[in-house]
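Chemist: got a predicted model here, sequence first, then my questions.
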Amino acid sequence: MINASLKQLSAQLAQKKISSVELTQFHLDRIARLNPGLNAFVTVDAARSLAQARAADARIAAGKAQPLTGIPVAHKDIFCAKGWLTTCGSKMLANFVSPYDAHVVERLNAAGAVILGKTNMDEFAMGSSSETSFWGPVRNPWDQTRVPGGSSGGSAAAVAARMAPAAIGTDTGGSIRQPAALSGICGLKPTYGVVSRYGMIAFASSLDQGGPMAKSAEDLALMLNIMAGFDARDSTSLERPAEDYARVLEAPPRGDRAKPLRGLRIGAPKEYFGAGLGSDVGAAVEAALAQFEKLGAQRVAVNLPNAALSVPAYYVIAPAEASSNLSRFDGVRYGYRATDYADLADMYRKSRAQGFGAEVKRRILIGTYVLSHGYYDAYYLKAQKIRRLIAQDFVQAYEQCDLIMGPTSPNVAFTLGAKASDPVEMYLNDIYTVAANLAGLPAMSIPCGFGEGGMPVGLQLAGNYFTEARMLQAAHRYQLATDWHLRQPAGVE
Amino acid sequence: MSLSLPEVKRVALLARIEITAGEAEAVQGQLNNIFKLIEQMQSVDTRGITPMAHAQDVAQRLREDRITETDQHALYQSIAPQVENGLYLVPKVIE
């Protein structure tokens, strides 16, 4: 059961071999057993989840099931869900019960999926280790002395420990892909604008994108089919015809059946294989590329000359947008308010000083500074110009290849606390992931082996705009030929 | 470049975040390390490059001018720190 795919679970539900109530209870029991050690979930509401499961069972009985009806899904605590505590990992929102549903939540509910609980995360999604949460750090199911990655570390750990069949996360600079890599699962950040940001608590609006996290590429495709879609309430939501992201997963190979990926050109940018990449991660990624070649793909040389500038540009643009977005937390309409203050300005200052954690405050300060009078051109505008150069690098690269592959993260999961005192070292974890956010391109991570300490290694697959189906097909073909994605941590049986 | 202590305090004031003298000193070093990373941008010649604000070139959508929302103030105010007679309460602003 714990390794069943979403397709298999749906089939069992349709054939009445199991009910959604049983499936939901099964996962709630696993959460009760495993979560005290992992801290992946911050809110579980069994009564609410089971009520949704009963409704799903009635729907299945009435013959009105859709894909995912009755499947429990873990929600990152950044998604507003009506009636659910939605804290974004912050003291600022520790008592915030959302009065409305995010678009993604609406869509999952409408499909009949069950909200299994809310998952832990870095405060306001600012972090790469899930250690900055007000609710304490998440632990990696493969080794509880290590971090699961972040910011969607709770969702990643929930799927890795098989506490949830699938989860949803958000990715502003790698927050789906990096924890997926470090926790040995799959995660996809779609093209910017494919998934509505409505009800997803904003961090950096021009970079934020929601996406699925699951055990396989096939599961990701089924999840994205529900999550994607136009929403007028997000001004950057794209009006595109509905797309079946699973449509080419099993596309019959042309010619040689042993080479189903013949014709696929894979670019492996040399900038992603240079200094800073752990030799263990490099070896696993090289082996994965060799496997793709065995499946018929062709490896081509591409360059991303401005890759090294993506982290500096990101750490101007993301904090700038965050400082603006987080100005809404002022202790007036919702969220934390300090108890003692002299006047209105003092109430703002004290509420924000006490409600936000250290990393969030650092980023607000950086953002405020780079947007302040006299520095705007030197930092913010400069970063936006470099953003253009980075996006142009990809335009050129995709003239020579269909997908870009490389490591998701330079190293396997690190020990709790190892990078917590040095923000810059933490930021450099995002070196291979932030460029896709700056350019708005789709990118995903899948497990491709193990490195130091027996920890999982993630392979990043990135594509051109709107090529999610092609990326998922390549990943699925790889997963049909390998079993890295089926490995599970010891102790979670 | 590096931020001086008065600059750190000024930025905190602009950001409406109270900061003690001790915190300002601690955060000054961290911010300056981050700005050392950010400074790498200055090595690139970006003359003539159009700034990119957004990943997609989308225009603002227009919609018909009609009421689409219903009154939910009671629901929304149920989660506010302090409310009276349907109004959000804040400290006195005008004496």
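Modeler: That came in fine, so what should we check first? Every value quoted in this text rests on a predicted model; they were computed, and no experiment measured them.
Chemist: flag the shaky bits of chain A, pLDDT-wise.
Modeler: A:253 (pLDDT under 70).
Chemist: can you confirm whether the helix or strand containing residue A:438 lies near chain B?
Modeler: Using DSSP states H and E, residue A:438 maps to helix A:434-439. Yes: contact of helix A:434-439 with chain B (C-beta under 8 Å from any C-beta of the partner chain) involves A:438-439. Placement of C-beta: from N, CA and C, glycine included.
Chemist: can you check stretch A:416-433 too?
Modeler: Yes: using C-beta under 8 Å from any C-beta, we find that stretch A:416-433 touches chain B at A:422-424, A:427.
Chemist: tell me what the helix or strand encompassing residue A:280 is packed against?
Modeler: Assigned by DSSP H and E, residue A:280 belongs to helix A:279-294. In terms of contacts (3 or more C-beta pairs under 8 Å, 6 or more residues apart in numbering or on different chains; DSSP states H and E), helix A:279-294 is packed against strand A:265-267, strand A:298-300, strand A:403-407, strand A:443-450, strand A:456-463, helix A:468-481.
Chemist: buried residues, that helix. List them.
Modeler: A:280-282, A:284-285, A:288-289, A:291-292 (16 or more other C-beta atoms under 10 Å in any protein chain shown).
Chemist: angle of it against strand A:456-463?
Modeler: 50 degrees (axes from the mean of the first three to the mean of the last three C-alpha atoms, to 10 degrees).
Chemist: residues in contact with helix A:279-294?
Modeler: Helix A:279-294 has contacts (C-beta atoms under 8 Å, 6 or more residues apart in numbering or on different chains) with A:259, A:261, A:264, A:266, A:268, A:273, A:299, A:405-407, A:409-412, A:448-452, A:457, A:459, A:474, A:478, A:481-482.
Chemist: just the buried residues of those.
Modeler: A:259, A:261, A:264, A:266, A:268, A:273, A:299, A:405-407, A:409-412, A:448-451, A:457, A:459, A:474, A:478, A:482.
Chemist: so which residues of the stretch 101-250 of chain A form helices?
Modeler: A:103-111, A:153-160, A:177-183, A:217-227 (DSSP state H, counting those that start in this stretch).
Chemist: now the last one against helix A:468-481, angle please.
Modeler: The directions of helix A:217-227 and helix A:468-481 differ by 150 degrees, with the same axes, to 10 degrees as the criterion.
Chemist: helices and strands around the helix or strand where residue B:31 lies, which ones?
Modeler: Secondary structure assigned from DSSP H and E places residue B:31 in helix B:21-38. Applying 3+ C-beta pairs under 8 Å, 6+ apart, one finds that helix B:21-38 makes contact with helix A:310-325, helix A:358-370, helix A:423-427, helix B:5-14.
Chemist: which parts of the longest one are buried?
Modeler: Going back to what we said before, that points to helix A:310-325. A:310-325.
Chemist: near chain B, anything from that helix?
Modeler: Yes: using C-beta under 8 Å from any C-beta, helix A:310-325 reaches chain B at A:311-313, A:315-316, A:323.
Chemist: beyond that helix, next helix or strand please.
Modeler: By DSSP H and E, the next helix or strand past helix A:310-325 is helix A:344-355.
Chemist: just the CA atoms of that next one, as CSV, please.
Modeler: Taking C-alpha atoms only, helix A:344-355 is exported to CSV below (Å, rounded to 0.1, in the frame of the first residue of the first chain):
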residue,chain,number,x,y,z
LEU,A,344,0.4,53.0,16.0
ALA,A,345,3.9,53.0,14.6
ASP,A,346,5.2,51.3,17.7
MET,A,347,2.5,48.7,17.3
TYR,A,348,3.6,47.9,13.8
ARG,A,349,7.3,47.8,14.7
LYS,A,350,6.7,45.6,17.8
SER,A,351,4.2,43.3,16.1
ARG,A,352,6.6,42.7,13.2
ALA,A,353,9.7,42.4,15.4
GLN,A,354,8.0,39.8,17.6
GLY,A,355,5.9,38.0,14.9
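Chemist: just how off-centre is that helix within its chain?
Modeler: Relative to its chain's centre, helix A:344-355 lies at 31 Å (C-alpha atoms, centre = their mean, to the nearest Å).
Chemist: can I get the helices of the stretch 101-250 of chain A in CSV with distance to residue B:16?
Modeler: Shown next, in CSV, are the helices of the stretch 101-250 of chain A (distance: least, C-beta to C-beta, whole Å):
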stretch, distance to residue B:16
helix A:103-111, 30
helix A:153-160, 29
helix A:177-183, 31
helix A:217-227, 35
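Chemist: closest to residue A:441 out of those?
Modeler: helix A:177-183 (12.0 Å; C-beta to C-beta).
Chemist: what sits against the closest residue to chain A within chain B?
Modeler: Nearest residue of chain B to chain A, counting by C-beta to the nearest C-beta: residue B:55, 2.3 Å away. Residue B:55 sits next to A:192-193, A:206-207, A:391, A:438-441 when contact means C-beta under 8 Å, 6+ apart.
Chemist: what's the spacing between residue A:319 and residue B:26?
Modeler: Taking C-beta to C-beta, to the nearest Å as the measure, residue A:319 falls 18 Å from residue B:26.
Chemist: grab the nearest non-local neighbour of whichever residue of the stretch 51-200 of chain A sits closest to chain B.
Modeler: Nearest residue of the stretch 51-200 of chain A to chain B: residue A:192, at 4.1 Å (C-beta to the nearest C-beta). Of all residues not flanking residue A:192 in the chain, residue A:440 sits nearest, at 3.5 Å (C-beta to C-beta, 6 or more residues apart in numbering or on different chains).
Chemist: check residue A:197 too.
Modeler: residue A:234 (4.8 Å).
Chemist: enumerate every residue touching the residue nearest the centre of chain B.
Modeler: Nearest residue to the geometric centre of chain B (C-alpha atoms, centre = their mean): residue B:15, 6.8 Å. Applying C-beta under 8 Å, 6+ apart, one finds that residue B:15 lies in contact with A:323, A:352, A:364-365, A:368.
Chemist: how does it look with 7 Å?
Modeler: A:323, A:364-365, A:368 (C-beta atoms under 7 Å, 6 or more residues apart in numbering or on different chains).
Chemist: counting neighbours, which of the residues you listed comes out on top?
Modeler: In terms of neighbour count, residue A:364 stands highest of these at 28 neighbours, by other C-beta atoms under 10 Å in any protein chain shown.
Chemist: residue contacts, that one?
Modeler: When contacts are counted by C-beta under 7 Å, 6+ apart, residue A:364 is found next to A:322-323, A:326, B:15, B:17.
Chemist: quick one on the thing from earlier: TSV for the helices and strands packed on helix B:21-38, including distance to residue A:36?
Modeler: TSV is the format used below for the helices and strands packed on helix B:21-38 (distance: least, C-beta to C-beta, whole Å):
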stretch	distance to residue A:36
helix A:310-325	32
helix A:358-370	25
helix A:423-427	26
helix B:5-14	38
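Chemist: how close does residue A:381 get to residue B:51?
Modeler: 5 Å.
Chemist: now the closest residue to chain B within chain A: how far from residue A:239?
Modeler: Chain A approaches chain B most closely through residue A:440 (2.3 Å), counting by C-beta to the nearest C-beta. Look at residue A:440 and residue A:239: by C-beta to C-beta, they are 16 Å apart.
Chemist: neighbour-wise, which of these two wins?
Modeler: residue A:440 (24 against 11).
Chemist: surely the more buried one touches residue B:57?
Modeler: No: in this structure residue A:440 lies outside contact range of residue B:57 using C-beta atoms under 7 Å: 10.2 Å.
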